[in-house]
Each structure stands twice: as structure tokens, then as C-alpha cells.
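Chemist: Compute the structure for the input listed below.
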Amino acid sequence: MYLNTPLPHTSAAPTQQHTDLFGDDDAASPPSESESESRDMARLRRTHTTQGYRDGIARGKSTHLQDGFDEGYSLGGRFGLLTGWVLGVAEGLRDEKLRAEAAAGLALEKIFAREYFDETGVWKYDVGVGEEETLDRVVERHPVVVRWVGRVKEEARRRGLEVGGLGEGEGGS
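Modeler: Here you go, the predicted model:
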């Protein structure tokens, strides 16, 4: 019987050969050692690149995000105070039309429009040549704010009233 027949023996060292049952021997052959190392190196490079990217984002956020938030919060607060002052003066003048126009004219979309700020949040308008760029100056020189502060002050003068600017005189406005 075939079961007891000895297998042919060769003197050469055995090699691993894989035969593809579907006839594509190239696809079934194991990767060479250099191919395997290349794949391992590529995988290792991807892993380190991904981890480096994540570490960079985390460090960047902790370093710069808080600074950006602090400046943006302060700037937004200053805009809020000055636009609130304009709306308060218009309300005090008992001019509902002026107050409604001021509210629409000082809407966030109008103040922070691309016309006045670039995509990084830096203002595009002049805050004064040779003057220090403080956040107060950035707000006070904003074209929309300048227009509305001037308009409510003029309306008050027209009615024989004098209003101080925000922070002028004792106790503010």
C-alpha cells in the first residue's frame, strides 16, 4: 500500500515553498526579509508620525490656545462694553428707531466681518500710526464702532445733551 511507502529523501536543506492552490504563486510567496523590514519600518514611521502629530497638537493647544482665548475674550469683552454703551445712550435718548438701527449696525456679524478681520483674527483697519496697539485702541478705532459712537453723541448734542464716552469722567460714561 501507499501508506507504508517511504518518502523520497533529498540531501539539500528543506526550503519553505508555498503553493498557491489558485495558480498565483507570486502572491502566495512569503515576503523577503528586506520586504518585511521595509513594511515594519513604514509601519513604525506611520506610528511615530501619528504620535508626533498628536503630541504637537496637544502641546500647541496648551501653549497657544489659552493665549488666543484670553486675547479673544478680552477683545470681545471690550467690544461688548462699548457697543452696550452705544445702545444705552440710544435707549437713554428714548429714540427707539436709533436704538434699533444701532443694535442692527453693531451686530456681531457686522463687527467681526472679514472686511475688518482676517481669517486669523487680526484686524485689518488702522488703529493709529505710531501708536501702541492696545485692545482698547483696537475697539475704539473699529470703523463700525467709530460710526455708532459718533452718531449717538451727535444725536445727544442735537438734543442739547452731553454724554461722555465710556470710561470718561467719574464713575464711567
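Chemist: Let me see the contact set for Glu101.
Modeler: Not one residue lies near Glu101 by Cβ atoms under 8 Å, 6 or more residues apart in numbering. Backbone N, C-alpha and C define where each C-beta goes, glycine included.
Chemist: Next one, pLDDT for it please.
Modeler: The model reports Glu101 with a pLDDT of 97.
Chemist: for the one 5 residues further on, same thing?
Modeler: Turning to Leu106, the model gives it a pLDDT of 97.
Chemist: SS state for the residue nearest to it when sequence neighbours are not counted?
Modeler: Once flanking residues are discounted, Leu106 sits nearest to Thr83: 4.4 Å by Cβ to Cβ, 6 or more residues apart in numbering. Secondary structure for Thr83, judged by DSSP: H, G, I helix; E, B strand; the rest coil, is helix.
Chemist: before we move on, what about Val127?
Modeler: Following three-state DSSP, we place Val127 in the coil state.
Chemist: got a list of what it touches?
Modeler: Val127 sits next to Glu133, Arg137, Val138, Arg141 when contact means Cβ under 8 Å, 6+ apart.
Chemist: what's the following helix or strand after the helix-or-strand element of the chain with minimal mean pLDDT?
Modeler: The helix or strand of the chain with the poorest confidence is helix 25-28; it has a mean of 54 (mean pLDDT, DSSP states H and E). Using DSSP states H and E, the helix or strand that follows helix 25-28 in sequence is helix 33-60.
Chemist: Just the pLDDT for the residue positioned nearest the centre of the chain.
Modeler: Central residue of the chain (Cα atoms, centre = their mean): Thr120, 7.6 Å from the mean position. Listed pLDDT for Thr120 reads 85.
Chemist: just to revisit the earlier point, can you put the contacts of Val127 in JSON lines and add neighbour count?
Modeler: Shown next, in JSON lines, are these (neighbours: other Cβ atoms under 10 Å):
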{"residue": "Glu133", "neighbour count": "11"}
{"residue": "Arg137", "neighbour count": "14"}
{"residue": "Val138", "neighbour count": "19"}
{"residue": "Arg141", "neighbour count": "16"}
